[in-house]
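Novice: What follows is a predicted structure for the sequence shown.
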Amino acid sequence: MTAMKNKIYTTILLVVYAVVATVNVAAELQRFEHLPTKADGSLDILVIGDWGRRGLYNQSHVAFQMGKIGEEMDVDFILSTGDNFYDDGLIDVDDPLFDESFTQIYTATSLQKQWYSVLGNHDYRGDVMAQLSPVLSHKDSRWLCLRSFIVDSGIVELFFVDTTPFQDKYFNQTKHTYDWRGVLPREEYLSNVLKEVDTALKESSATWKFVIGHHTLFSAGHHGNTQELVDQLLPILEANDVDLYINGHDHCLQHISSKNSQLQFLTSGGGSKAWKGDVNQWDPNEMKLYYDGQGFMALRVTVNEIGVTFYDVFGEIIHSWKTSKYTHMDA
């Protein structure tokens, strides 16, 4: 009887989420508060992307090193830059891939923190509503995945953007099927996303602003630049003094500095299958790191400083970078 009740409850939740997701109206982005707990007010964050392969392609090795570094840092939460489940997302909320690629892999004590996730293009090939469903959060309380949303951590606000619907090629190709529920009509959806992100960035009073999406803005890797985002999203980021754009998609670790603003482009897409072997030429004054392999990224954020560190699959530091910002309160 209990199993039947749970099944009915699950079905009701999925129906509600399906209805909400297909209503395409402009609205304020959903906001979550995740304030610092350390005495000095700092935040420590891990960033992983392109990972969900049942532990294969060194996913388990990367997870092990994340656990070690997470313990050293006393990490506050984890960001996933999308392509959470390969190759074709989740079949439904009961898909064992969720447990086999997430719950059973990221088992370290330090990783039993909130995970904030965006969707990638591979996630859109499955049942998108399953990944967005609270049923998964009931199965593993760490899981939170939405299309576009905000995490307010006081000194920093993190703006998550659903980037897959921006790319024309996913709507034109016939090789794969994508779950566009909640996205169509596409023009209206994209217009709403851009307006909501722009408004939220303008209203933000946080010292630091980070934007997280799956797709690259700029990349020397296999996928390269995402021109639709360069044309539509980048001007909003530059106009609103965003500090970091964080993405996955290219299965590498990468740091590119903007020559037009303080904006840094950080790729953390080395959660599992990597080593593409094709790297495009880039201005060495802008390219601070390109590592064609597996690993993850760590962020340390204080009132005055951001520290970025990239780790490879062996837990070795391969690149670090810092920047400072002093507010009126510090003068």
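Specialist: Ah, there it is. None of the values given here were measured: they were computed from a predicted structure.
Novice: which stretches of this protein have low pLDDT?
Specialist: Residue ranges of the chain with pLDDT under 70: 1-27, 327-331.
Novice: and the spatially most central residue of it, what does it touch?
Specialist: For the chain, the residue nearest the mean C-alpha position is Thr81 (2.5 Å; CA atoms, centre = their mean). Contact analysis of Thr81 by CB atoms under 8 Å, 6 or more residues apart in numbering lists 47-50, 118, 120, 212-214, 246-249, 268-269. In short, each C-beta sits where N, CA and C put it, glycine included.
Novice: Among those, name the ones in strands.
Specialist: Counting by DSSP state E, the contacts of Thr81 place 47-48, 212, 246-247, 268 in strands.
Novice: Return the member of those nearest to Leu253.
Specialist: For the ones in strands among the contacts of Thr81, the minimum distance to Leu253 (CB to CB) is 6.3 Å, reached by Ser268.
Novice: Surely the closest one is in contact with Gly49?
Specialist: Yes: the pair Ser268 / Gly49 is scored as a contact, 5.1 Å apart, by CB atoms under 8 Å.
Novice: tell me which element the nearest residue to Phe314 once chain neighbours are set aside falls in.
Specialist: In space, and not counting its chain neighbours, Phe314 is closest to Gln65: 7.0 Å by CB to CB, 6 or more residues apart in numbering. Taking DSSP states H and E as the criterion, Gln65 maps to helix 59-73.
Novice: which residues make contact with that helix from outside it?
Specialist: 44, 46, 48, 51-53, 55, 75, 78, 101, 105-111, 113, 270-272, 294-296, 298, 300, 311, 313-315.
Novice: one step back: of all the contacts of Thr81, which two lie farthest apart?
Specialist: Using CB to CB, the two most remote members of those are Ile48 and Gly213, lying 14.6 Å apart.
Novice: Start and end of stretch 244-252, how far apart?
Specialist: With CA to CA, to the nearest Å as the measure, stretch 244-252 spans 17 Å from end to end.
Novice: Okay, helices next: where are they in this structure?
Specialist: 2-22, 59-73, 97-98, 128-132, 134-139, 169-172, 186-203, 227-232, 234-239 (DSSP state H).
Novice: Pick the most deeply packed of the ones you listed.
Specialist: Mean neighbour count (mean count of other CB atoms under 10 Å) peaks for helix 128-132 among the helices of the chain, with a mean of 24.
Novice: list the helices and strands that helix packs on?
Specialist: Applying 3 or more CB pairs under 8 Å, 6 or more residues apart in numbering; DSSP states H and E, one finds that helix 128-132 makes contact with helix 2-22.
Novice: would JSON lines of the helices of the chain with distance to Leu146 be doable?
Specialist: Shown next, in JSON lines, are the helices of the chain (distance: least, CB to CB, whole Å):
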{"stretch": "helix 2-22", "distance to Leu146": "10"}
{"stretch": "helix 59-73", "distance to Leu146": "22"}
{"stretch": "helix 97-98", "distance to Leu146": "16"}
{"stretch": "helix 128-132", "distance to Leu146": "6"}
{"stretch": "helix 134-139", "distance to Leu146": "11"}
{"stretch": "helix 169-172", "distance to Leu146": "19"}
{"stretch": "helix 186-203", "distance to Leu146": "12"}
{"stretch": "helix 227-232", "distance to Leu146": "19"}
{"stretch": "helix 234-239", "distance to Leu146": "19"}
